[in-house]
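**Student:** give me a model of this one.
(one chain, ligands or ions: 1)
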Amino acid sequence: MARGYPPRPGRGKQPGKGRLTVLLVVCLAVFALFVGRLAWMQFAQADYYAEKVAQASQTTYRVPIPAARGDIVDANGGILAADTTTYDLALCLPAPPGTDLAQTLDTLRMYNLIAPDGEDVETQLAAFFSVASAGELPLAEDLDATAAAALYETGLPQRGAVRLVARGVRQYPSGTLLPHTIGTTGPITAEQWAAGDYALREAGVAMDATIGQSGLELAYDALLRGRDGTLRVTVDADGARTAETLVAPEPGATLQLTIDAALQQAVQSALQTRIAALQQRAAGDGRECTAGAAVVVDVATGGILASVSWPGYDLNRWRADYAALMADPATPLLDRVCRGLYAPGSAFKPAVAAAALHHGVITPQNTVACTGRYLYYSGYQPRCLQISHSGPVNLLAALKFSCNIFFYDVGRRTGLDAFSRTAQALGLGADTGVELPSAEGALTWTTDPNYQSGLTLQAAIGQGNTAVTPLQLAAYATALAGNGVRPALHYARRALSADGETLWEYVPHTQGTAPGGAAVFGPIREGMVEMSTTLAALRGLPVTLACKTGSPQRPERAPGGGYYTNSVLIGYFPAEAPRYAVSVVLEYGGGGANAAPVLRDILLSLYGEQAVVAASSL
Ligand SMILES: [Zn+2]
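**Tutor:** Numbers count the residues shown, from 1 in each chain. Okay, the predicted model is just below:
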């Protein structure tokens with residue numbers, strides 16, 4: 001305007017007044033709308049909004065209901081491991097209507113379930129309410145049935161003021177029987193929780209659940225642990241429970257083993273008695289023996305009937321005794337059956353014989369001259385003790401009297417790798433199929449870093465780099481009994497539901513086969529029957545048995561100057577129609593013959609009182 005432009009008509013006087021009026025009208029309209037809306041909300045929709053507010057003050061929480069873990073029973077249904085029920089106590093928060101938190105706490109103090117001064121529980125309550133408005137505060141663990149019953153008399157659980165949570169605790173009626181094999185349970189570790197992309201969580205397992213941690217408890221955990229349930233609780237602002245949804249837990253299956261608890265006890269006693277007797281003998285002849293293992297296998301199925309690793313421990317006390325068990329020089333926590341490694345010594349000779357017969361290196365009639373010293377190599381000339389033999393020795397005599405020269409020569413001619421392959425097919429240094437983590441074991445090969453020709457001779461009598469487990473020795477005995485066919489060894493027979501229905505069953509199968517059949521194994525089995533007749537402890541038994549001893553040297557020298565020896569013994573019976581295969585190992589046992597009384601005791605316990613009478617009358 002100051003610039004001299006002529007004013008336009010209708011403008012210049014009261015500028016913007018029209019727009020202001022429009023704005024005012026719009027504002028009034030919006031305000032009216034809000035007031036109207038508010039009035040409508042307050043009056044017309046009153047019930048709807050009251051419900052919304054109530055919902056906002058409700059809280060829902062979930063409580064896991066642990067599933068009962070399945071029992072582990074022996075072949076006859078005898079309990080080896082079972083859960084007993086214990087109770088944990090939880091305080092329900094906030095206190096439900098009709099109950100008073102202070103009174104509830106007073107009652108719990110009266111029952112000595114919380115500390116009398118109450119400081120602890122006040123601190124816990126403060127911590128609880130700083131993160132949640134409703135839920136459960138754990139107050140006490142491991143209440144027995146009497147304490148739980150007393151608490152019910154107060155009416156607190158019935159009124160919802162507290163909740164008693166039933167929980168299983170593993171008990172072992174005979175805790176010293178089969179401890180390594182049964183194994184342990186315990187809370188999930190962080191590593192287990194994260195393993196397999198949180199596989200346990202995906203399977204519905206609670207983060208703080210107890211699961212199998214070792215042995216069969218771990219191997220069959222998925223069958224044993226069952227499926228936890230959930231209680232979903234909704235409470236309102238006053239603490240009243242407005243809804244409860246229960247997903248009931250599914251109990252775990254009962255795991256039935258092939259183990260016969262009575263036989264297990266008998267084998268354990270036999271081993272223990274034998275070790276105690278050897279400790280009375282001369283240095284180097286068993287006095288230093290403190291440990292061993294023995295296994296009995298059902299030849300037809302590969303089911304393990306007894307499995308003793310000695311010394312052992314009590315599963316009911318192993319947590320409390322753990323420091324002492326760890327410090328014990330006899331290493332009682334080691335499962336010698338699956339993880340102990342021992343040179344088989346002369347017990348290996350049947351494997352060399354099987355390879356030699358199969359490859360046509362010898363016939364049962366061929367002989368080797370035993371001169372007491374093997375002179376093939378100029379440098380390394382190992383010896384034979386020539387017990388009850390010298391001169392020309394055939395396979396039968398070589399097995400019967402354990403002639404080293406025969407097996408040095410036949411082993412060398414067969415070839416190290418050829419007889420190691422046969423030994424592997426027979427179960428030595430091979431997977432037995434068993435459900436537990438086991439040592440692989442080792443055989444001796446021409447590819448071994450320390451290989452030189454002398455190693456072939458040592459390996460032919462079960463030494464060299466060869467080291468196998470007592471379970472592999474039992475698999476080997478089973479294969480010799482079965483003309484080279486070796487069933488997979490196993491501890492589990494089947495899984496049963498609570499009402500006795502079979503949910504799962506182990507299907508016996510062949511784990512390995514060494515070729516040749518009866519043509520190869522017939523003469524070897526004959527030699528093993530002959531061998532058993534040379535052992536005084538095995539005479540006069542009600543059934544014929546076949547066996548082979550081993551007296552492998554240990555690296556340490558005994559006081560007399562010679563080396564300490566272990567005792568190794570494999571066998572099976574009845575020799576004509578084998579039902580049972582056995583392996584026995586005694587550390588510092590002083591030679592294979594020293595293990596024979598254990599084999600005798602095993603045979604007698606399997607053939608009952610009648611057998612004992614028959615044997616003692618001879
Ligand atoms: Zn000889």
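**Student:** show me where the stretch 151-300 of the chain has its strands.
**Tutor:** 162-171, 185-187, 210-212, 229-235, 241-247, 254-257, 292-298 (DSSP state E, counting those that start in this stretch).
**Student:** right, and those strands - which one's nearest the ion?
**Tutor:** strand 292-298 (27.8 Å; CB to the ion). Every residue, glycine included, has its C-beta placed from N, CA and C.
**Student:** what is that closest one packed up against?
**Tutor:** Judged by 3 or more CB pairs under 8 Å, 6 or more residues apart in numbering; DSSP states H and E, the packing partners of strand 292-298 are helix 261-278, strand 304-310, helix 336-339, helix 470-481, strand 580-586, helix 596-606.
**Student:** can you do 7 Å?
**Tutor:** Contacts defined by 3 or more CB pairs under 7 Å, 6 or more residues apart in numbering; DSSP states H and E place strand 292-298 against helix 261-278, strand 304-310, helix 336-339, helix 470-481, strand 580-586.
**Student:** out of these, which is closest to the ion?
**Tutor:** helix 470-481 (21.5 Å).
**Student:** tilt between that closest one and strand 580-586?
**Tutor:** When axes from the mean of the first three to the mean of the last three CA atoms, to 10 degrees is applied, the directions of helix 470-481 and strand 580-586 differ by 140 degrees.
**Student:** and the angle for helix 470-481 with strand 292-298?
**Tutor:** 40 degrees.
**Student:** ok, back up a step: is it possible to export the strands of the stretch 151-300 of the chain to a markdown table including distance to residue 496?
**Tutor:** A markdown table is the format used below for those (distance: least, CB to CB, whole Å):
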| stretch | distance to residue 496 |
| --- | --- |
| strand 162-171 | 17 |
| strand 185-187 | 19 |
| strand 210-212 | 17 |
| strand 229-235 | 21 |
| strand 241-247 | 24 |
| strand 254-257 | 4 |
| strand 292-298 | 20 |
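**Student:** need the ones you listed in a markdown table with distance to the ion and mean neighbour count, can you?
**Tutor:** What follows is the strands of the stretch 151-300 of the chain, written out as a markdown table (distance: least, CB to the ion, whole Å; neighbours: other CB atoms under 10 Å):
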| stretch | distance to the ion | mean neighbour count |
| --- | --- | --- |
| strand 162-171 | 54 | 18 |
| strand 185-187 | 53 | 17 |
| strand 210-212 | 50 | 21 |
| strand 229-235 | 69 | 18 |
| strand 241-247 | 72 | 13 |
| strand 254-257 | 43 | 24 |
| strand 292-298 | 28 | 28 |
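**Student:** so can I have CSV of those showing mean pLDDT?
**Tutor:** Shown next, in CSV, are those (pLDDT from 0 to 100):
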stretch, mean pLDDT
strand 162-171, 86
strand 185-187, 91
strand 210-212, 91
strand 229-235, 83
strand 241-247, 83
strand 254-257, 98
strand 292-298, 98
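**Student:** any chance of the helices and strands packed on strand 292-298 in JSON lines, with mean pLDDT, mean neighbour count and distance to residue 554 too?
**Tutor:** Putting these into JSON lines (pLDDT from 0 to 100; neighbours: other CB atoms under 10 Å; distance: least, CB to CB, whole Å) gives the following:
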{"stretch": "helix 261-278", "mean pLDDT": "97", "mean neighbour count": "19", "distance to residue 554": "15"}
{"stretch": "strand 304-310", "mean pLDDT": "98", "mean neighbour count": "27", "distance to residue 554": "18"}
{"stretch": "helix 336-339", "mean pLDDT": "98", "mean neighbour count": "25", "distance to residue 554": "15"}
{"stretch": "helix 470-481", "mean pLDDT": "98", "mean neighbour count": "30", "distance to residue 554": "16"}
{"stretch": "strand 580-586", "mean pLDDT": "98", "mean neighbour count": "30", "distance to residue 554": "12"}
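**Student:** and of these, who's closest to residue 497?
**Tutor:** Comparing these by their distance to residue 497 (CB to CB), the top pick is helix 261-278, with 22.0 Å.
**Student:** sorry, back to before: CSV please, covering the helices and strands packed on strand 292-298 and showing distance to the ion.
**Tutor:** Converted to CSV, these look like this (distance: least, CB to the ion, whole Å):
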stretch, distance to the ion
helix 261-278, 27
strand 304-310, 33
helix 336-339, 31
helix 470-481, 22
strand 580-586, 24
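**Student:** since we're on the one residue in the stretch 1-150 of the chain that gets nearest to the ion, how many residues are nearby?
**Tutor:** For the stretch 1-150 of the chain and the ion, the shortest gap (CB to the ion) falls at residue 75, measuring 43.0 Å. Residues contacting residue 75 under the criterion other CB atoms under 10 Å number 18.
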